[in-house]
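Student: model this:
(one chain, ligands or ions: 1)
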Amino acid sequence: MIYPIVAYGDPVLRKKAESIGNDYPKLMTIIDNMFKTMYHSQGVGLAAPQVGISIRLFVIDSTPFKEDDESADGFKRVFINPELINEEGDKWKFNEGCLSIPGIREDIERKPRLTIRYQDMNFETHIEEFSGIKARIIQHEYDHLEGVLFTDKLTPLKKTLLKGRLTDITKGKVDVDYKMKFFQKR
Ligand code: CO
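Tutor: Predicted coordinates for the structure are as follows:
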């Protein structure tokens, strides 16, 4: 099943998501549906709060970036209960978008390397380092679990300039070719 994606303005995107155990109901179905939803909307990452489920879970497939980074090809991964342990290096700019914020893309600065602890679908714990585009996608999705959106990282001027468009998204006044759930009816 393809979930509707929760649009900017919904409080679920601002909540800190909860850790889960391996007894979480229908977890494998949720993960499967999240991948389907992500591919349907041509995203490279999707966090559970974006489908209205406030748990510490995100999925990634960085394959669309294989032209820019060979190692992105086939990098498909599920992160459960992730904890960012470290981020390092000189910040670099990358043009980010978000399935919950359709039509808006901005250059965002983040550190290039990170170490993360997470559990896989079998609830085995891993500690792994990532860099480049993979790190970037992980950072963006991890932020969703903390209630943070990429637009929070913009300068005050940029935020002011985008305010009207963000309000429009809250109300559903936006063109988007995948199913979304808007906080206010237009
Ligand atoms: Co996002």
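Student: what strands line up against the longest strand seen in the chain, and which way round?
Tutor: Under DSSP state E, the strand in the chain containing the largest number of residues is strand 76-88. With DSSP bridges as the test, strand 76-88 is paired with strand 57-61 (antiparallel), strand 113-119 (antiparallel).
Student: ok, for the residue sitting nearest the centre point of the chain, nearest residue in space, not its chain neighbours?
Tutor: Closest to where the C-alpha atoms of the chain average out (C-alpha atoms, centre = their mean) is Glu141, at 3.1 Å. What sits nearest to Glu141 in space, not counting adjacent residues and going by C-beta to C-beta, 6 or more residues apart in numbering, is Phe58, at 3.9 Å. Bear in mind the C-beta positions are built from the backbone N, C-alpha and C, glycine included.
Student: for that neighbour, name its beta-bridge partners.
Tutor: Going by DSSP bridges, Phe58 forms beta bridges with Ala47, Phe79.
Student: neighbours around it, how many?
Tutor: Other residues near Phe58 number 29, with proximity taken as other C-beta atoms under 10 Å.
Student: residue contacts, it?
Tutor: By C-beta atoms under 8 Å, 6 or more residues apart in numbering, Phe58 lies in contact with 45-48, 78-79, 82, 141-142, 144-145.
Student: rerun at 10 Å
Tutor: By C-beta atoms under 10 Å, 6 or more residues apart in numbering, Phe58 lies in contact with 17, 31, 34, 38, 45-50, 77-80, 82, 118, 137-138, 140-145.
Student: no more questions from me, cheers.
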